[in-house]
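Enquirer: Please work out how this folds:
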Amino acid sequence: MNVKYIDINCDVGEGVANESDLFPFLTSCNVACGGHFGTKETMKTTVDLAVKYGVKIGVHPSYPDKENFGRASINISKNAFVNSIKEQISNFLSVLNEKKVVLHHIKPHGALYNDLVKNKELAQTFLESILAYKEKALVYSPYNSVIAKEALKQGFKVKYEAFADRNYNSDLSLVSRKQKNALISNSKSVLEHISVMLFQEKVKVMSGDLVAIQASTFCVHGDSSNTLDILTYLSKELPKLNILKSV
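Expert: Numbering: from 1, shown residues only. Predicted structure coming up:
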């Protein structure tokens, strides 16, 4: 079996305060920067921990919607949206500059992430808002998504992301969190989910079919009750399948 290298990422700095437990098992992280959650202090604390554990640091901008934790699509003008994304990233970069740390990637959060998968106009607007980082940071986005296609067309560097602990629909959209089967909570099932995506370049969707997918970074959600159990299990079992964490 060929060796595969993967990046394991997690959304952090979102108030759960479990980063010191999770970071030993991660290779990159996505830090909340004020849109859905986060202050300068939470950013600083999270960045310090990421540096301590050698975890690559990404920014996690969202719709400006703390009330819904960024998990609802909102009506917002183009100018207000662009200004919000720029402000969120600028505030985060001020923390990185203070800590003398480099930005590794940009990953949208929640409803914005899901909307960018299918909305071309929004994707173009989002890319406009992060244009200053085109040469400096990767864009984490799903395979065959509108945002990935637009980013590649414009010369951004894209890293395909998949979700280790979420179920997929046949169109590669994520099963809604409103559904009982949205999350994969069993550690062994998460491992199988990852290995099929890596070795077969396919994902088993809710219909039972296998649908083509590509990914080299896999997200494990930091706010699940058993996140640490999943990450601990993966750290032991992935190497047995010749799946190694990327450096």
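Enquirer: From here on, just use CA atoms for contacts and neighbour counts.
Expert: Noted.
Enquirer: so where's the longest helix in the protein?
Expert: helix 78-99 (DSSP state H).
Enquirer: what's that helix packed up against?
Expert: helix 40-52, helix 120-129 (3 or more Cα pairs under 8 Å, 6 or more residues apart in numbering; DSSP states H and E).
Enquirer: give me that answer again for 7 Å
Expert: helix 120-129 (3 or more Cα pairs under 7 Å, 6 or more residues apart in numbering; DSSP states H and E).
Enquirer: What is the helix it packs on packed up against?
Expert: helix 78-99, helix 146-153.
Enquirer: If we use 10 Å, what do you get?
Expert: helix 78-99, helix 110-116, helix 146-153 (3 or more Cα pairs under 10 Å, 6 or more residues apart in numbering; DSSP states H and E).
Enquirer: mind checking which of those helices is nearest residue 57?
Expert: helix 78-99 (9.1 Å; Cα to Cα).
Enquirer: Now do that closest one against helix 120-129, angle only.
Expert: Counting by axes from the mean of the first three to the mean of the last three Cα atoms, to 10 degrees, helix 78-99 lies at 40 degrees to helix 120-129.
Enquirer: Just the angle for helix 78-99 relative to helix 40-52, thanks.
Expert: 50 degrees.
Enquirer: Just the mean pLDDT for the helix or strand that comes right after helix 78-99, thanks.
Expert: Where DSSP states H and E defines the elements, the next helix or strand beyond helix 78-99 is strand 105-106. Mean pLDDT, strand 105-106: 98.
Enquirer: Which neighbours in the sheet does strand 105-106 have, and how are they oriented?
Expert: When pairs are called by DSSP bridges, strand 105-106 turns out to pair with strand 56-60 (parallel), strand 138-142 (parallel).
Enquirer: And that strand, how far out from the chain middle?
Expert: Computed by Cα atoms, centre = their mean, to the nearest Å, the chain-centroid distance of strand 105-106 equals 9 Å.
Enquirer: and if you look at stretch 218-234?
Expert: For stretch 218-234, the distance to the chain centre is 13 Å (Cα atoms, centre = their mean).
Enquirer: For it, list the C-alpha coordinates in CSV.
Expert: C-alpha atoms of stretch 218-234 as CSV (Å, rounded to 0.1, in the frame of the first residue of the first chain):
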residue,chain,number,x,y,z
PHE,A,218,-9.1,16.7,6.6
CYS,A,219,-11.1,18.7,9.2
VAL,A,220,-12.1,17.2,12.6
HIS,A,221,-14.5,19.6,14.3
GLY,A,222,-13.2,20.9,17.6
ASP,A,223,-16.6,21.4,19.3
SER,A,224,-17.7,17.8,19.2
SER,A,225,-17.9,16.0,22.6
ASN,A,226,-15.5,13.3,21.5
THR,A,227,-13.1,15.2,19.3
LEU,A,228,-10.1,14.3,21.5
ASP,A,229,-11.1,10.6,21.4
ILE,A,230,-11.3,10.7,17.6
LEU,A,231,-7.9,12.5,17.2
THR,A,232,-6.2,10.1,19.7
TYR,A,233,-7.6,7.1,17.8
LEU,A,234,-6.5,8.5,14.4
